[in-house]
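> need a 3D model of the following:
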Amino acid sequence: VDVNDLEACALDTVRLLVGLDHPQDTGVHGINTGRTSEGQRLAVMAALRRPGDLIVALPTGAGESMVALVPPLLERHTLTVLIVPLVATYNSLLHTVRRMQISVQQYEHETLIDVNTRLYLVTADRATRKRLRDKLVDAHRDYAYLACRFIFDEAHIPYLDHDYRASIRDLGELRSTIPG
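Presented below is the predicted three-dimensional model:
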C-alpha cells in the first residue's frame with residue numbers, strides 16, 4: 001500500500017471515529033479534529049508501518065487513543081491487544097470504543113480470542129496471566145497469518161507507581177508469545 005494512500009485512509013478513519021464528515025467540522029470538545037495533530041499523525045503512521053517498538057508521548061487531548069484505535073480498523077490480519085493499567089481508564093476506553101462502534105473483545109478467562117474482532121482489551125494485571133498467553137498461542141496456532149500488536153495505554157503509570165511494577169514484570173513474555 002502506498003504511504004500516501006495509507007495516510008489518507010488513516011485520516012479518514014480518525015474523522016469517521018470522531019464523527020466528522022468534513023475537515024472543517026468541529027469534533028470532540030469543539031476542537032477542529034478534522035486535521036490531526038502532527039504528533040498524532042506521525043504516531044498513527046508509525047504504528048501502521050510497524051517499525052518495531054514505538055513509544056508515543058502526546059499531550060492530553062492530542063489524540064493518542066487514535067494510535068490504538070486506527071490500526072485495528074485498517075489491518076485485517078493483526079490483533080491489537082490494548083493493555084490498560086487502571087480500571088477507570090479501562091472503563092472509559094471501553095465506553096469510548098463502544099460509542100465509536102468499534103468491535104472490541106474484553107478479556108474473559110473462559111472465552112477464546114475472536115480474531116475477527118481485531119481489538120482485544122485487557123487490564124494490566126490480567127495481561128500477565130498465563131491464561132492470556134495461552135489464548136494468544138491458541139489464536140496464532142489456529143490462524144498462522146495472525147500478527148499481534150501490543151499497546152500499553154498510560155504506560156508511564158507502571159514506572160511511577162510501585163504497585164503496578166509487579167503486575168507488569170512479565171509483560172515481555174507476553175510480547176514474545178506470537179509474532180508482531
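
> so which residues of this structure form helices?
For the chain, the helices defined by DSSP state H cover 3-17, 38-49, 65-74, 87-99, 124-127, 130-142, 156-160, 162-168, 171-175.

> weakest of these by average pLDDT?
With a mean of 63, helix 162-168 has the lowest mean pLDDT of these.

> how close does the residue nearest in space to the middle of the chain sit to R41?
The residue lying closest to the centre of the chain (CA atoms, centre = their mean) is A68, at 2.8 Å. Remark: distance between A68 and R41 (CB to CB, to the nearest Å) = 15 Å. Yep, even glycine has a C-beta here, placed from its N, CA and C like the rest.

> for Q106, which of the helices of the chain is the nearest?
helix 87-99 (7.1 Å; CB to CB).

> flag every buried residue along that closest one.
90, 93, 97 (16 or more other CB atoms under 10 Å).

> tell me which strands and helices that helix is in contact with?
Here helix 87-99 is seen to pack against helix 65-74, strand 78-84, strand 119-123 when contacts are counted using 3 or more CB pairs under 8 Å, 6 or more residues apart in numbering; DSSP states H and E.

> tell me which of the ones you listed sits most buried.
Counting by mean count of other CB atoms under 10 Å, strand 78-84 has the highest mean neighbour count of those, with a mean of 24.

> avg pLDDT for it?
pLDDT averaged over strand 78-84 gives 89.

> in its sheet, what does that strand sit against?
strand 119-123 (parallel), strand 147-152 (parallel) (DSSP bridges).

> now P59: how far from G39?
Distance from P59 to G39, by CB to CB: 8 Å.

> the two: which is more packed in?
Higher neighbour count among P59 and G39: G39, with 16 against 9, using other CB atoms under 10 Å.

> contacts only, for that one.
56, 58-59, 62-63 (CB atoms under 8 Å, 6 or more residues apart in numbering).

> picking that back up, could you dump the buried residues of helix 87-99 to a markdown table with distance to L174?
Listed next are the buried residues of helix 87-99 as a markdown table, based on distance: CB to CB, whole Å:
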| residue | distance to L174 |
| --- | --- |
| Y90 | 17 |
| L93 | 19 |
| V97 | 21 |
